[in-house]
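> Sequence isn't available, so here's the structure alone:
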């Protein structure tokens, strides 16, 4: 900025007639003095050093070291493989997430279950949903097993259907790993869609509803629904679930 101003002043002086330069006026003398001061100040100017440069370099080195750390690289590789498994089917290549169709805001899918369904069947449904990492299919139950008052029975039921490994048995100091998905308790949904048999799968697209009831696998139920729905998002979801089986 200082250099640019000096050039501007010099350019202005270059336009002064020669005869005026021979007899400088008081104003010209002031300008000349100012130019001399600018030159002297510029000779002693220096850019202040960054007092935080050493801290910034150390932080960058620490982050790079953490990135190179073997445990971090292992977690990164596991995450990569998980994403590939989630989105790839047999013979498919990796597709960018933005290119994959998803359910529109108008599309909803509910999986209706109850305690009358064998716990092993419920666990299979829930494990499939958990493996996809998708929340687009919502598991729904009418109410709590044996009623809300019998909390012990209810707790045992949910602990069983949410086990990652059905053969695992809880120990006093070591509980079996559980699935992380949520189950919706909502009897009004059963009434809204007229569900009388479970398992049942409901696809609702802005009031255009397809209901499939019967004891069949999740992919079978989804395939039968999409024969009528013809939804790109539903077809993509079906492919994702098939890839986890």
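Cool, got the structure. Please read these numbers as outputs of a predicted model, since none were measured by experiment.
> just for this protein, where's the confidence low?
Applying pLDDT under 70 to the chain flags the ranges 1-28, 30-31, 38-39, 41-76, 78-101, 144-152.
> dump the residue contacts of the residue lying closest to residue 187 once chain neighbours are set aside.
Leaving aside its sequence neighbours, residue 187 sits nearest to residue 142 (Cβ to Cβ, 6 or more residues apart in numbering; 4.9 Å). The C-beta positions use only the backbone N, C-alpha and C, and glycine is treated the same way. Under the criterion of Cβ atoms under 8 Å, 6 or more residues apart in numbering, the contact partners of residue 142 comprise 114, 185, 187, 190.
> Tell me which of those fall in helices.
In helices, defined here by DSSP state H, the members of the contacts of residue 142 are 187, 190.
> Can I get the contacts of residue 142 in TSV including distance to residue 202 and neighbour count?
As requested, the contacts of residue 142 are arranged in TSV below (distance: Cβ to Cβ, whole Å; neighbours: other Cβ atoms under 10 Å):
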residue	distance to residue 202	neighbour count
114	14	17
185	16	12
187	14	12
190	10	20
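> so which of the contacts of residue 142 would you say is closest to residue 168?
Within the set of these, residue 114 lies nearest residue 168; the separation is 23.7 Å, counting by Cβ to Cβ.
> ok, the residue nearest to that closest one when sequence neighbours are not counted - contacts?
Distances taken as Cβ to Cβ, 6+ apart place residue 198 nearest to residue 114, at 4.8 Å, with adjacent residues excluded. Residue 198 makes contact with 112, 113, 114, 116, 117, 213 under the criterion Cβ under 8 Å, 6+ apart.
> tell me which residues in the helix or strand where residue 225 lies are buried?
Assigned by DSSP states H and E, residue 225 falls within helix 218-229. Within helix 218-229, the residues that qualify as buried are 218, 221, 222, 223, 224, 225, 226, 229, counting by 16 or more other Cβ atoms under 10 Å.
> circling back: which two of the contacts of residue 198 have the greatest separation?
116 and 213 (13.1 Å).
> picking up where we left off before, any idea how far the residue nearest to residue 114 lies from residue 209?
Going from residue 198 to residue 209 by Cβ to Cβ, to the nearest Å gives 17 Å.
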